Structures are given as structure tokens and as C-alpha cells.
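Novice: Below are the sequence and a predicted model; questions follow.
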Amino acid sequence: MARRISLLTVVLVIGLWVGALAAAPLTGTTTEGIRPVAAAAIYAAGALVCHQRPERSFHLTGAQLPVCARCLGLYVGGFLGAIAWVLMAGFGERYSDRAPRVLKPQVVRRILCWSAIPTVVTVITAAVGAWDPPNVARALLAVPLGMAVGALVCAVASRDLR
């Protein structure tokens, strides 16, 4: 039961955060009730981890999302990775027979390193002025790292990986 609760909690928390990022620009446009306060809180939380530069962020209905394109790609990837871990390792009290292959520390490190390469490349090429990728590329190239981290968080939270 504890493993199922851990997996469900991780997937729900990440999913709620991704949903909140998409909902904040929509709910922040009204001035009535709790919705603008909730949107302001989401933008404030996003500011803790993201530069929130308008030119590097997606906009929804004319309002900027609470995080930049790269951060959004990381969070969406994290959600997809958490779901992928549940699908691969199973939702039972013990992980499935498929999981042990990727639960070895050297395999986990290799997956994290390889999945970080696209994000690192975009950061470095932008920093040196060689290539400043558009927002869609920033987001898509951050998804692999987000997926690896999301799966890793699920594996650790469920005690599949210690």
C-alpha cells in the first residue's frame, strides 16, 4: 500500500504543478474571488526557480506562463517520466520484473547524464552566442532530462531505488 501511495502522490503532485502552470495565466485574468490570489501564488512559486523572462516564455491567451519554456519542458518531462516509471515498474506493492534492469546505480547515472545533454547543449550554445534556440526547441530539448528526473523521483519515493 505504501508504494502505491508514494507513486500516486508523486504523479499527482507533478501533474497538479504542470496543470497549475497552464491554469495560472487563465485564472489570473479575473479580479474576483480566490483565483487571482492562487495565480499570484503560482507565479511567485515559479519565480523561485525560474528567471521568467517574457521572451523566453510561452504565452497563453496573451498572458505569460509562470515559468520559461525550458522549465516548462522540464516539468512536463517530469510528469511524463513519473507516469513512465509507474507503467514500467508497475503499480503493485513490489516493482515488476522489468524495473531491476534500470535500478542499478551505474545505469541511473548513465541515463541522467545522457538525458541532460540536450538541455546542456542549448544552455551552452546560447551562452556563447552560437545558437539561441526558439522556445519550442528549449522546451522539447528539456523534456528528456525532466523525464529522467521524474522517473528517478518516483523510483526513490516508492523505495524501488535506494
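Specialist: Okay, I see it. Numbers count the residues shown, from 1 in each chain.
Novice: how about the helix ranked longest in the chain: buried residues?
Specialist: Counting residues, the longest helix found in the chain (DSSP state H) is helix 2-27. Within helix 2-27, the residues that qualify as buried are 3, 6-7, 10-11, 14, 17-18, 20-21, 23-25, 27, counting by 16 or more other Cβ atoms under 10 Å. To be clear about C-beta, it is placed using only N, CA and C from the backbone, and glycine gets the same treatment.
Novice: Show me the two of the residues you listed that sit farthest apart.
Specialist: Across the buried residues of helix 2-27, the two members that end up farthest from each other (Cβ to Cβ) are 3 and 25, 35.8 Å apart.
Novice: mean confidence for the longest helix of the chain?
Specialist: Per-residue pLDDT values across helix 2-27 average out to 95.
Novice: The next helix or strand along the chain from that helix packs against which elements?
Specialist: Using DSSP states H and E, the helix or strand that follows helix 2-27 towards the C-terminus is helix 35-49. In this structure, helix 35-49 packs against helix 2-27, with contacts taken as 3 or more Cβ pairs under 8 Å, 6 or more residues apart in numbering; DSSP states H and E.
Novice: Kind regards, and thank you for your time.
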